[in-house]
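S.K.: A structural model of the following input is requested.
(one chain, ligands or ions: 2)
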Amino acid sequence: MKAIGVRRDGDHPVLLEKERPTPEKGEALVRTLRVGVDGTDHEVIGGAHGGYPDGEDHMVLGHEAVGVIEKPNGTGFDEGQVVVPTVRRKPNGETNEYFRRGEPDMAPEGEYFERGIVGEHGYMAEYFTSPADFLVPVPAELAEYGLFVEPVSITEKANEHAFSTREPFEWRPESACVLGNGSLGLLTLWMLQQKFDRTYCVGRRDRPDPTIEIIDELGSTYIDSRETAVDEIPEAHESVDYVYEATGFAPHSVQTVQALAPNGVGALLGIPEPWDFEIDGGSLHNEIVLHNKCLIGTVNSHITHFEDAVETLSAAPNWLLDDLITTVAEPTDVAPAFENDDDQIKAVVEFDSL
Ligand code: NDP
Ligand code: ZN
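M.R.: Numbers count the residues shown, from 1 in each chain. Ligands and ions are numbered 1, 2, ... in the order given. Got it, this is the predicted structure:
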């Protein structure tokens, strides 16, 4: 079968010919429909994130997949059911407390593999196998957009963790700001629009730009960080109740605190490399304490977040999902899916359709 991977000594995706995998007991065989590409894939290809499966000279890419059950193999799934796989797997197949309690997304580094990212091949192949309890059923109508279930699940978890920190008191949030106009930021902006009266999205681009068009279309306010730094948002607009950082721009971690309204919460999602910058640690400390602010970090997601994501996506307008998908590439010519220019929002590799 065809697969797209990156070789240990390589710096770009290549087409590989691999054997179709055979499902083990408890696993189903899935025929891949589509696989999305995101910032993490670029980091993996560039060698900044993740790691190769032991003993392999390559890793199959892809962690945002949607497929169809080809062989249920006694798992209880029906042949033809559309499914989305979760990403984390037991390291070397050995379980640990995080997997036992159904919270692999809370495992520290070393206590998990991530398919297509660290330790285990991904889904960018004509077929893949997965334990049935790591597959989430998706309605057939969503098959085309199922690759968004994984990124939406990331935000389901972030929101759940962030909002739960505000549960002990009567929090009445009105405004939210997303930092970053990549695919994760824009999907999240739409999700937050359903919950907040006013939303903002921060980028660093000139108009005309396809991402700013989406921000406008959503009725959100675009903020150019080259003109208004994140810590100046309260002065230029308003202090916001929720900040969702999806830039990986390290100074945003600290500026988020200044952008927050009293009693607000910020969720950090970006995964920067080491990055020195100056901060006023006293004011930061003071601001968090005197205004009951909270900053959380969050990574990955698990089954319940995927299930929530399926429901959330079912309500997403098709125009948004269509506008987000800027490239649909064939496995035999994937280069366009890995181009990362300003016209690219979400690229997809399509192996098959329903
Ligand atoms: P992208 O690289 O597509 O998006 C990042 C966006 O942030 C880009 O549009 C970029 O703008 C913008 N940006 C970067 N720096 C600034 C700045 N200083 N001011 C304004 N905008 C800025 O990545 P994704 O959307 O896929 O992911 C977003 C981040 O979340 C990444 O860091 C990724 O690693 C991380 N991530 C984390 C996950 C988790 O579980 N915690 C899961 C998935 C992703 P431009 O394009 O113009 O440069
Ligand atoms: Zn991702």
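S.K.: residues touching residue 98, list them.
M.R.: 104, 106-107, 111-112 (CB atoms under 8 Å, 6 or more residues apart in numbering). From N, CA and C alone the C-beta is placed, and that goes for glycine too.
S.K.: can you pull out the helices in this protein?
M.R.: 39-45, 97-100, 149-164, 183-193, 210-217, 233-236, 251-259, 281-290, 303-314, 318-324 (DSSP state H).
S.K.: hey, which of the ones you listed is tucked in deepest?
M.R.: helix 183-193 (a mean of 24; mean count of other CB atoms under 10 Å).
S.K.: before we move on, the earlier item: please name whichever of the helices of the chain is nearest to ligand 2.
M.R.: Checking the helices of the chain against ligand 2 by CB to the ion gives helix 39-45 as the closest, at 4.2 Å.
S.K.: so is the closest one next to ligand 2?
M.R.: Yes. Helix 39-45 reaches ligand 2 (CB under 5 Å from the ion) through residue 40.
S.K.: let's check: the centremost residue of the protein is which one?
M.R.: Closest residue to the average C-alpha location of the chain: residue 151 at 3.2 Å, with CA atoms, centre = their mean.
S.K.: isn't it up against residue 38?
M.R.: Yes. Between residue 151 and residue 38 there is a contact under CB atoms under 8 Å: 6.6 Å.
S.K.: shared neighbours of the two, anything?
M.R.: Going by CB under 8 Å, 6+ apart, residues that sit against residue 151 and also against residue 38 are 64, 183-184.
S.K.: just among the contacts of residue 98, which is most surrounded?
M.R.: residue 104 (26 neighbours; other CB atoms under 10 Å).
S.K.: apart from its chain neighbours, what residue comes closest to that residue?
M.R.: Distance criterion CB to CB, 6 or more residues apart in numbering; nearest residue to residue 104, sequence neighbours excluded, is residue 88 at 4.1 Å.
S.K.: contact partners for that neighbour?
M.R.: Counted by CB under 8 Å, 6+ apart, residue 88 has contacts 104-105, 107, 112-115, 300, 302.
S.K.: repeat that for 7 Å
M.R.: 104-105, 112, 114, 300 (CB atoms under 7 Å, 6 or more residues apart in numbering).
S.K.: one more: residue 215?
M.R.: 181, 189, 201, 222.
S.K.: how close does the third one get to residue 216?
M.R.: Counting by CB to CB, to the nearest Å, the separation of residue 201 from residue 216 is 10 Å.
S.K.: common neighbours of the two, please.
M.R.: What both residue 201 and residue 216 touch, as defined by CB under 7 Å, 6+ apart, is the set residue 222.
S.K.: residues from the stretch 201-350 of the chain in reach of ligand 1?
M.R.: By CB under 6 Å from any ligand atom, the part of the stretch 201-350 of the chain that sits against ligand 1 consists of 202-205, 225, 246-249, 269-271, 298-300.
S.K.: at 8 Å what do you get?
M.R.: 202-205, 211, 224-226, 230, 245-249, 251-252, 268-272, 297-301, 340, 342, 345 (CB under 8 Å from any ligand atom).
S.K.: quick one: buried ones out of those?
M.R.: Those of those that meet the buried threshold are 202-203, 211, 225, 230, 245-249, 251-252, 268-270, 298-301, 345, by 16 or more other CB atoms under 10 Å.
S.K.: residue 261 against residue 237, yeah?
M.R.: No. The criterion here is CB atoms under 7 Å, and residue 261 misses it with residue 237 at 11.3 Å.
S.K.: contact partners of the longest strand along the chain?
M.R.: For the chain, the strand with the greatest residue count under DSSP state E is strand 27-37. Strand 27-37 is contacted from outside by 23, 62, 64-73, 75, 77, 83, 123-132, 135, 143, 146-147, 337-338, 346-354, using CB under 7 Å, 6+ apart.
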